[in-house]
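> I'll drop the sequence and a predicted model, then ask my questions.
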Amino acid sequence: MIQAAQSIRNKGWLLWASGLVLLLVISPLVVSEFWIYMLTDIMAYCIFALGYNIVLGYGGMMPFGHAGFYGAGAYFLALALIMVRMPFWAALVLAPLFSTFLAAIIGFFSVRRRAFYLAILTLAFGQLIWSVILKWYSLTGGENGITGIPLPDVISTPGNLYFFTLAIAGGCVYVIYKIIDSPFGRVLQAMRENPQRMEFTGVNLDQHRLIAFVISAFFAGLGGTMHAVVTRCVFPDLADWAKSGEVVITCMLGGMNTFFGPVIGVAVLFFMHTILGRFTAYWAWILGVLFILLVLFLPDGIMGYIQQSRIASWFQQRESESRT
Amino acid sequence: MILQVKELRKSFGDLSVLKGVSLTLEPKVLCALIGPNGAGKSTLFNVITGLFKGNNGKVFFDGRDITDWEAYRISSMKLSRTFQIVSIFNRLSSFDSVQAALISCHKQTLDLLTKGKGLFRGKVLQLLDLVGLGDKAYWPSNALAHGEKKRLELAIALANEPKMLLLDEPTSGMAPDETGEIMSLIKKLRDEMGVTIFFVEHDMRAVFEWAERIIVLHQGAVFADGLPMEIKNDKRVQEIYLGSGV
Amino acid sequence: MRFSILATQLLAGLSRGSVLFLLSSGLSLIFGVNKVINFMHGSLYVLAMYISFTLATKMITLASSFWLNLILAPICVAAIATLIEVALFRRVYAKEHLMQLVLAFGLVYILGDIMKFIWGPIPKTVGMPEGFSGSFRMGGIILPSYHLLVITVGTATAVGLWAAIQRTSFGRRTRASAADPNMARALGVNVSAIKSAVFALGSFLAGFAGGLNLPLSSASLGVDVEATVLAFIIVIIGGAGSIAGTFVAALIVGIVDSFGILFVPRFTIVVIYFLMVIILLVRPYGIFGRATQ
């Protein structure tokens, strides 16, 4: 990740970014309600994915239970609004904080573990959260989930909900970018590359890993909360291992070594799921083949591949320059 | 004296590697640590810098007893090191690598708000210039040549403005002219920044050309200690090397 | 709570534990020797159940057909697994765990759809095999014969596996390949072949577990990854690479599951995951494991 490699960065990225923002802003005016709904849901999930990539791509850790935080945020919102009749805006703020609280506890025990053992321990915690949601029937309704989440009138229309989500997602993109670019973010990346070297310069590795873990859990919780807002319902599968695995694959598919890679991954998966799902009940295998091709031929993900080819051509250019 | 090691012992299970090492180093000296393979040179460095805990004995640095200190604490005392196998941040650029080290040394690692891109820019470029990597500041580290990576590691180690540098085989894998460049750079660091240099080396030509003092380690203890000429002419030292390289 | 009921539940727990052991031991071998995250292990378990179902309902009812199926289904599964190993897994041995995970996920999706296509979404069941559908009575305690069979088979396999690994030359070569592949290669061990053999053996065990489990439960979709997750956690709790550890861990989980159903029927699964979290916190490398990985 050559964030400061200005000579390599695509000078035209500002153009792309502006174009995308424009597209996002005018979409609700031109596309059907179905697509508005889908784009809104995609944006909510992007919050989850971008937040998770803080630990995966930038932190070099692979916790495997983040869906627990995603689902916890979603269920907190649902229960707060329906059972406690909390004001919407209060619930919106408290739900991700609840996930953050869970993550502080889980992370404290987990981040000290290496790679695979971190994955297994967080998977176990994630499954614990999922099973509690599933089985605490009196509170959560179990398999039936909770439906009919009330929203304030101002965001009840698809268009308004879209822009509301866009604002929140945009805010998250900004905040996550600032975190990655901050001294903390840079140290986190250096820790990923060579933990021992960073330890020698005086860094308490576990402390920093915990902070990254908790931050990513906040965004997971916020993503889940927004998903609940968008779909107005919650089900236990929001917290299960499949969701945890899905976010990992999403980041990898788009390119976990790039900032916007996860967004690309989310978009691709959503579109495939939706479009393929219209034609056949058997679409999972297509995704499966995609994953296999990804691992064998495109391990850097889509954005990663683009970035790597740019770096490669930069080198070729330098080499031909030095020859002349 | 800036470094004092007293009767340091270290065993790994049944294998006793350091068997009572004692030495002192005066500030600003350019001192080489040599010895046959298995003498315990890297282990000595590892214990001094806190990577391993010694079983017995003491280590004093800059007036403090650092014997049981953690590695990161020792480095904050301005004792830095490089490794035998070059230890850098592969996918980061040279700039980002040195910057990360500087952020850490300035204790700004928990800062989540500051814009990091140009942080410490002046200092980073200064350090990179010092080691001769100024024009490759934005190159990915793993694209650098081997010798350049070693220089980058030096720059990273210099981030905390160390009083003493432990260099583990700084010229390994280098051709003769590169060796000269690195060694003259190291001497320059000593001259301009007042850093005490303690380096392990196998390249005897480099050792005798640049070192001002040589300590010979053999079978876990200091075997000889003195000026290069003395060591060069010491028959016992020649013997333990069995005629190789001296 | 009457002692007889507890005893019967204990037996059921041991039986379930034995099945879990067979499943997990396969994964333990694959994880320990091939050092790969085989997330499709559970899919093979379910596939074997489906194949067993088809064999049981389509084959003419011979007296020994149950026993034949018990071997045939795992053999099919092991063959498929070997194909997958040679074609795909071999390419990711050297890659990061993340890549192996994604590859395995892809295979889970593919296998899942294949199973859905061939057998449909409705769970499939078979009856108990002849001669084992009854139960013994011992001092007022009911001991279903099939449970006894499963426990016997499971224990015998455990002992057999342990003996094979410790005493045979194949076992020696396997342990060498797991401990230090480069050294093993230098000493003349064909590490690639060992890895393929272990993969096949591990998958055979998963299939064997499935076939044995079918009369006790049913073949249905969605069990595949549940089984994989459970197996991984059991492997870690028991200590990766330790047959004894896996055996103990599997039995513990089986018994907790069984008594959980008795005392807190709705929350059994919560109890199991809670227990797993506690064990993983207290003994991160497992009950018998060491920090070797």
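Looks like it arrived, so ask away. Numbering: from 1, shown residues only, chains lettered A, B, ... in the order given.

> pLDDT weak spots in the stretch 51-200 of chain C?
C:59-64 (pLDDT under 70).

> for chain A, what are the nearby residues on it?
Selection of the stretch 51-200 of chain C residues close to chain A by CB under 8 Å from any CB of the partner chain yields C:88, C:91-92, C:95, C:97-99, C:101-103, C:105-110, C:112-114, C:116-117. The way it works is simple: take the backbone N, C-alpha and C, and place the C-beta from them, glycine included.

> Just the ones of these in helices?
C:91-92, C:97-99, C:101-103, C:105-110, C:112-114, C:116-117 (DSSP state H).

> Quick check on those residues: which are buried?
Taking 16 or more other CB atoms under 10 Å in any protein chain shown as the criterion, what is buried in these is C:92, C:98-99, C:101-103, C:105-110, C:112-114.

> List of residues touching stretch B:54-71?
A:199-200, B:2-11, B:18, B:20-21, B:47-51, B:53, B:73-74, B:77-79, B:163-164 (CB atoms under 8 Å, 6 or more residues apart in numbering or on different chains).

> quick one: which of those residues sit in strands?
The members of the contacts of stretch B:54-71 that map onto strands under DSSP state E are B:3-11, B:18, B:20-21, B:79, B:164.

> quick one: the nearest residue to A:G261 once chain neighbours are set aside and A:A49, what's the gap?
Leaving aside its chain neighbours, A:G261 sits nearest to A:G255 (3.1 Å; criterion: CB to CB, 6 or more residues apart in numbering or on different chains). For A:G255, the distance to A:A49 equals 12 Å [CB to CB, to the nearest Å].

> Could you name every residue contacting both of those two?
A:G265.

> Where do the helices of chain B begin and end?
Counting by DSSP H, the helices of chain B are B:41-48, B:71-76, B:94-105, B:121-130, B:146-157, B:176-193, B:204-210, B:228-233, B:235-240.

> Include mean pLDDT and distance to A:G59 when you put those helices into TSV, please.
Listed next are the helices of chain B as TSV, based on pLDDT from 0 to 100; distance: least, CB to CB, whole Å:
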stretch	mean pLDDT	distance to A:G59
helix B:41-48	91	27
helix B:71-76	82	19
helix B:94-105	92	14
helix B:121-130	91	23
helix B:146-157	92	20
helix B:176-193	89	33
helix B:204-210	88	40
helix B:228-233	86	48
helix B:235-240	81	48
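
> Nearest to A:I215, out of these?
Closest of the helices of chain B to A:I215 is helix B:94-105, at 17.6 Å (criterion: CB to CB).

> The closest one versus helix B:146-157: what angle between them?
Interaxial angle, helix B:94-105 versus helix B:146-157 (axes from the mean of the first three to the mean of the last three CA atoms, to 10 degrees): 30 degrees.

> list the helices and strands helix B:94-105 packs on?
With contacts taken as 3 or more CB pairs under 8 Å, 6 or more residues apart in numbering or on different chains; DSSP states H and E, helix B:94-105 sits against helix A:183-193, helix B:121-130, helix B:146-157.

> Pipe these into TSV and attach mean neighbour count per row.
Listed next are these as TSV, based on neighbours: other CB atoms under 10 Å in any protein chain shown:
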stretch	mean neighbour count
helix A:183-193	25
helix B:121-130	17
helix B:146-157	23
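
> Among the contacts of stretch B:54-71, name the buried ones.
Buried, going by 16+ other CB under 10 Å: A:199-200, B:2-6, B:8-10, B:18, B:21, B:47-51, B:74, B:77-79, B:163-164, out of the contacts of stretch B:54-71.

> And the helix ranked longest in chain C, what does it pack against?
Using DSSP H, we find that the single longest helix of chain C is helix C:3-29. Applying 3+ CB pairs under 8 Å, 6+ apart, one finds that helix C:3-29 contacts helix C:41-58, strand C:141-144, helix C:145-167, helix C:191-213, helix C:223-238, helix C:243-263.

> Any chance of these in TSV with mean neighbour count and distance to B:A159 as columns?
Below are these laid out as TSV (neighbours: other CB atoms under 10 Å in any protein chain shown; distance: least, CB to CB, whole Å):
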stretch	mean neighbour count	distance to B:A159
helix C:41-58	24	47
strand C:141-144	16	70
helix C:145-167	17	50
helix C:191-213	24	43
helix C:223-238	25	39
helix C:243-263	22	45
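
> Export those as JSON lines, with columns for distance to chain B.
Listed next are the helices and strands packed on helix C:3-29 as JSON lines, based on distance: least, CB to the nearest CB, whole Å:
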{"stretch": "helix C:41-58", "distance to chain B": "32"}
{"stretch": "strand C:141-144", "distance to chain B": "50"}
{"stretch": "helix C:145-167", "distance to chain B": "24"}
{"stretch": "helix C:191-213", "distance to chain B": "25"}
{"stretch": "helix C:223-238", "distance to chain B": "27"}
{"stretch": "helix C:243-263", "distance to chain B": "24"}
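
> which one of these lies closest to B:L33?
The nearest among those, by CB to CB, is helix C:191-213 at 39.1 Å.

> From the contact counts, what lies against that closest one?
Using 3+ CB pairs under 8 Å, 6+ apart, helix C:191-213 sits against helix C:3-29, helix C:41-58, helix C:65-84, helix C:145-167, helix C:169-179, helix C:181-186.

> Including distance to C:G202, could the ones you listed go into a markdown table?
Formatted as a markdown table, the helices and strands packed on helix C:191-213 follow (distance: least, CB to CB, whole Å):
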| stretch | distance to C:G202 |
| --- | --- |
| helix C:3-29 | 4 |
| helix C:41-58 | 7 |
| helix C:65-84 | 8 |
| helix C:145-167 | 10 |
| helix C:169-179 | 11 |
| helix C:181-186 | 17 |
